[in-house]
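[1] how does the following fold in three dimensions:
(one chain, ligands or ions: 1)
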Amino acid sequence: MLKGKDIVSIKDFSEKEIFEIFEVAKEMIPYAKGKENDFLRGKILATLFFEPSTRTRFSFETAMQRLGGGVLSFADPKSTSLSKGETLADTIRMMDSYSDVIVIRHSYEGAARLAAKFAEHPVINAGDGAGQHPTQTLLDLFTIHNSFGTFKNLRIGLLGDLKYGRTVHSLAIALSNLGSKLYFISPKILGMPEHIMREIHEKEKPVVTDNINDVIGDLDVLYVTRIQKERFPDITEYMKIAGSYRVDLSLLEKSKKDLIIMHPLPRVDEIAPEVDYTSHAKYFEQAFNGVPVRMAILSMVLGVR
Ligand code: CP
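    Alright, predicted model coming up:
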C-alpha cells in the first residue's frame, strides 16, 4: 500500500495505514534485534542529514542494514559538492540515481517536499526545520499503542517547546485524529502554533496551560520535549525561559501510577536522571522502537511488504 510513496507529513497517512505499519513493525522486532533475513538485499538507502542527529539517522541505517540492504551517507554536509555551490535539487537528483530510497533532514521547512519533487524514488522526511518529523510520530504512536492498546480517550500532555518542536506538531495532529484528549503545556512564548491549532479537531479542544502541576494528575501520557535553543532568532529570549520546567520525582508523586513519560530525545535538563529508574520512563524503549518502525516503513515503501 505504501509502495513508492513519499513520507513527508503525518497527514500523508490514513488511520488504516498507521495500523498496518504497526502490524509490520511488530513482525520486525525479532529482525531489529538481529534475526537474520535478506528482505532488502540489493537495495540502497541514502541518508542525507544536513542537521545533527543520533537516533533518526542511526536507527534508519540500522533498520536498512538489519534488513540486508546497504547505506550511503555523509558525516558532514561540507564534505559534499554542496560546499562548491551545487543546489539541493541537483544533490537530490544525484543521490536518487545512486539509491532506492532517500531519507533527508534539513533546517528548511519544506526541504523534504522539495526533495520529493526531484526524486523518482521514495523520499522520507526525517525532520524539516520546525515543520514535521513523521517517522518520529509513527514510532511515538507505536509506543503509546503498545502501552495502552488504544488512543481513544487517552489524556496526553505535550510539555515543553510546542512552538519550535517539530515532533509535537506531527504528534498533536495524529493524536487528535485518533481520538485522544490533548493537553498543551508550555511557557507562554512557546505555545503551539496557530496553524497546528487549526488542524486539531474543534470538538476536542485541547487544555492549554503553562503549569504542569495543574494537570499532571489527569494524564496517561506525558510527552516531554527540549527547548529548541538552535531555532531561537534571539538567544536572550531563550535565556528567559531556559530551565523553566523539569520532570522529577516530586512532580511524579502527583501522577497516575501507570503514567508513561515519553521524550523524542535528546534531552538536556527537562527530565531528571532519577526518573530513568522509575516504571514511568518509556523514552529509551521509545527510541529503540525507531528501528522496527523504520524497518516497516523501508520495507513497505520499497514494496517488499
Ligand atoms: N528524536 C530525534 O529526532 O532524535 P535525533 O535528533 O537524535 O535524530
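[2] so which bits of the helix or strand of the chain with the lowest mean pLDDT are buried?
    None of the helices or strands of the chain scores lower by mean pLDDT, DSSP states H and E than helix 235-241, at a mean of 88. Within helix 235-241, the residues scored as buried using 16 or more other C-beta atoms under 10 Å are Tyr238, Ile241. Every residue, glycine included, has its C-beta placed from N, CA and C.
[3] try stretch 172-188
    Those would be 172-178, 180-187, for stretch 172-188 by 16+ other C-beta under 10 Å.
[4] can you give me the strands in the stretch 151-300 of the chain?
    Using DSSP state E, counting those that start in this stretch, the strands of the stretch 151-300 of the chain run over 155-159, 181-185, 207-209, 221-224, 260-262.
[5] contact distance from the ligand - what residues of the protein qualify?
    Ser53, Thr54, Arg55, Thr56, Gly127, Gln136, Pro264, Leu265, Pro266 (C-beta under 6 Å from any ligand atom).
[6] OK, contacts around the last one?
    Contacts of Pro266 were listed using C-beta atoms under 8 Å, 6 or more residues apart in numbering, and they are Thr54, Arg226.
[7] now the phi/psi pair for it, please.
    phi -80, psi 150 (degrees, to the nearest 10).
[8] do the same with the fifth one
    As for Gly127, its main-chain torsions (degrees, to the nearest 10) stand at phi 120, psi 120.
[9] touching, it and Phe50? I think so.
    No: Gly127 is beyond contact range of Phe50, at 9.9 Å (criterion: C-beta atoms under 8 Å).
[10] export the least confident helix or strand of the chain to CSV, keeping only CA atoms.
    In CSV, the C-alpha atoms belonging to helix 235-241 read as follows (Å, rounded to 0.1, in the frame of the first residue of the first chain):
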residue,chain,number,x,y,z
ILE,A,235,19.3,34.0,22.3
THR,A,236,18.1,36.4,25.1
GLU,A,237,14.6,35.1,24.5
TYR,A,238,15.9,31.5,25.1
MET,A,239,17.7,32.6,28.3
LYS,A,240,14.4,34.0,29.7
ILE,A,241,12.7,30.5,29.7
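[11] quick one: contacts of it?
    Pro187, Ile189, Leu190, Ile227, Lys229, Phe232.
[12] with neighbour numbers in mind, choose between Gly127 and Phe50.
    Gly127 (28 against 21; other C-beta atoms under 10 Å).
[13] ok, the more buried one - contacts?
    Glu51, Ser53, Thr56, Arg105, His106, His133, Gln136, Arg166.
[14] try 7 Å
    For Gly127, the contact set (C-beta atoms under 7 Å, 6 or more residues apart in numbering) comprises Glu51, Thr56, Arg105, His133, Arg166.
[15] turn those into TSV, columns for secondary structure and pLDDT.
    Converted to TSV, those look like this (DSSP: H, G, I helix; E, B strand; the rest coil; pLDDT from 0 to 100):
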residue	secondary structure	pLDDT
Glu51	coil	94
Thr56	helix	98
Arg105	strand	97
His133	coil	94
Arg166	helix	90
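[16] how about the residues you listed in a markdown table, adding neighbour count?
    Below are the contacts of Gly127 laid out as a markdown table (neighbours: other C-beta atoms under 10 Å):
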| residue | neighbour count |
| --- | --- |
| Glu51 | 18 |
| Thr56 | 25 |
| Arg105 | 23 |
| His133 | 26 |
| Arg166 | 23 |
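[17] thinking again about what came up before, format the strands of the stretch 151-300 of the chain as JSON lines; extra columns: mean pLDDT.
    As requested, the strands of the stretch 151-300 of the chain are exported to JSON lines (pLDDT from 0 to 100):
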{"stretch": "strand 155-159", "mean pLDDT": "98"}
{"stretch": "strand 181-185", "mean pLDDT": "97"}
{"stretch": "strand 207-209", "mean pLDDT": "97"}
{"stretch": "strand 221-224", "mean pLDDT": "98"}
{"stretch": "strand 260-262", "mean pLDDT": "98"}
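[18] buried set for stretch 295-305?
    So for stretch 295-305, counting by 16+ other C-beta under 10 Å, buried means Met295, Ala296, Ile297, Leu298, Ser299, Met300, Val301, Leu302, Arg305.
[19] from memory the last one sits against Val24, does it?
    Put plainly, it is Arg305. Yes: the criterion here is C-beta atoms under 7 Å, and Arg305 meets it with Val24 at 5.3 Å.
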